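Participant: build me a structure from this.
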Amino acid sequence: MNYLIKTIIFSFIFTVASAQYAIGNYSKIFQDSSRSNRDILTEIYYPVPLQGENISSLDGPFPVILFGHGFLINWDTYQNLWDEFVSRGYIMVFPRTESGLNTDHQQFGWDLQFLVTKIQEEGDSNTSPIYNLVHNNTALMGHSMGGGASFLAADSLCINNNIQLKTIIGLAVAESSSNGVSSITSALNVTIPALIISGSQDGVTPPDVHQLPIYNNLSSNYKTIISILGGGHCYFGNPNFFCDFGESASSNGISISRVEQQQVTFDFLNSWLDFTLKDDCEQHTVFQDSLVNSISIAYNQFHLQNPVASITDDEGVLIATAIGIGYQWYLNDSVITNANNISYVPTLSGEYTVEVFFPNGCPTLSGPFSFNYQLMNDMELLPTSYLMHQNYPNPFNPATTIRYELPYDEFVNISIYDVKGIIVKCLINENQKVGNRSIIWDATNNLGQKVSAGLYVYTIQVGGFRQSRKMVLVK
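Facilitator: This next block holds a predicted model:
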């Protein structure tokens, strides 16, 4: 049994086994006040309990997939997609605008961009069928013209650091170049993980002219382009007169069926969506394995791996060398409660590891670091003078450690100031005992708010002793 047939059989069995939900649907017209109250008729498909189950069986909230349709292709041509993804725990949203002969790709892109935040509001409305069901994580996906419009939408979303958009997916994505815009140019500003899937025999939007230039221009640290061997342009959706007519006139050498192309597509999309939208790092491994082992595709990929931290010991302070957005320290493979900074001061002997989290992709785990607490205590000498060390790391993000030495029991004040000399955060203002000590600053002010990047000054005041040093917060 060849790989393709096995893939189809496995995918069918897996789809049936993983269909956790039935599918609900409603239509709504959203209005964009910034564009003269433009009406955006939208179809929303969402998970509902299977027959015999109650609402508590819904394991939401559910990530969102915003989908842009192709030129002269109705949204309902893509029922194969919502049947697949909604049953697996996703909400799919289809704007029905720009469906005629005279299409405005930029307006379609703006529709998709507008709905990214509008669907979140819909999930917050207690009159909505998807009330409390909408997860923050969102994907932009589109086919042909809608794929190109998705890149137009992602352009400004990425520039404005939208935190909802986690990935963009193009199926036979077309260069959208009406009214002076260009999906190929917009790709330069797209920094989120990206996946493009094309058919090798696509004559409607030939990959060399459409998908490859978009892929090459992407600024993503993780981008993949997959060519389904023998695949066409229209087979990503169900039969459609206009698309199929155009394909028959332009594409040659299509050697697989519509069902086969869709099953190969789902083989990659299911694992990619679970990885990027549900933070399932096991599915990242599945996706990469499918790339390597599938004989039904050719692919290209750029993947800048997240760094693996090593651990250094700075006079009893363990420090992770990789910069991330979060940390978790472990002792002998057990979680250390509240140990969530770039550095940690151990109080027990054992094997320490640190897990580092990043804005995109999976966390990484350091190798073990053996620490002997008793040996460290035996080596520790009481300070003979006041001293405040340079913070580490510097520059830093999101946190840094300040070490200081007290030769006597004293009242200590350590404060952070901005470049104007205005106090930002009082770290310590209390009596402390003699010894080598440290404090972590998490780049927040006295109100607990994150401060902006820039130069800061930290100062220690102990009796008549005062010392200041500079540090830099980067974003």
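Participant: tell me the centre residue of the chain?
Facilitator: In the chain, the C-alpha nearest the mean C-alpha coordinate belongs to residue 166, at 3.7 Å (Cα atoms, centre = their mean).
Participant: which SS class is that one?
Facilitator: With DSSP: H, G, I helix; E, B strand; the rest coil as the basis, the three-state label of residue 166 is strand.
Participant: ok, it touching residue 137?
Facilitator: Yes - Residue 166 is in contact with residue 137 according to Cβ atoms under 8 Å; the separation is 5.0 Å. C-beta here means a position set from N, CA and C on the backbone, and glycine is covered the same way.
Participant: between these two, which contacts overlap?
Facilitator: With contacts defined as Cβ atoms under 8 Å, 6 or more residues apart in numbering, the residues adjacent to both residue 166 and residue 137 are 63, 276-277.
Participant: name the member of these with the most neighbours.
Facilitator: Taking other Cβ atoms under 10 Å to define a neighbour, the member of those with the most is residue 276, carrying 26 neighbours.
Participant: chain neighbours aside, what residue packs nearest to it?
Facilitator: The spatial neighbour of residue 276 that comes closest, neighbours along the chain excluded (Cβ to Cβ, 6 or more residues apart in numbering), is residue 167 at 4.0 Å.
Participant: what residues does the host helix or strand of residue 29 touch?
Facilitator: According to DSSP states H and E, residue 29 maps onto strand 22-32. The set of residues external to strand 22-32 that reach it, using Cβ under 8 Å, 6+ apart, is 37-51, 82-83, 86-87, 110-111, 114-115, 118, 122, 129.
Participant: can you rerun that using 6 Å?
Facilitator: Taking contacts as Cβ atoms under 6 Å, 6 or more residues apart in numbering, the residues outside strand 22-32 that touch it are 37-46, 48, 50, 86, 114, 118, 129.
Participant: returning to what we had before: now do the contacts for the residue nearest to residue 276.
Facilitator: Residues counted as contacts of residue 167 (Cβ under 6 Å, 6+ apart) are 139, 192-193, 276.
Participant: tell me where this protein has helices.
Facilitator: 3-18, 79-86, 105-124, 145-159, 183-186, 211-217, 241-250, 258-278, 281-293, 373-379 (DSSP state H).
Participant: and the angle for the longest one with helix 281-293?
Facilitator: Between the axis of helix 258-278 and that of helix 281-293 there is an angle of 140 degrees, by axes from the mean of the first three to the mean of the last three Cα atoms, to 10 degrees.
Participant: other SSEs contacting helix 258-278?
Facilitator: Using 3 or more Cβ pairs under 6 Å, 6 or more residues apart in numbering; DSSP states H and E as the contact criterion, the secondary-structure elements in contact with helix 258-278 are helix 3-18, strand 165-171, helix 281-293.
Participant: which parts of that helix are buried?
Facilitator: By 16 or more other Cβ atoms under 10 Å, the buried positions in helix 258-278 come out as 258, 260-278.
Participant: next: the second one.
Facilitator: Buried residues in helix 79-86, counting neighbours by 16+ other Cβ under 10 Å, are found at 80-86.
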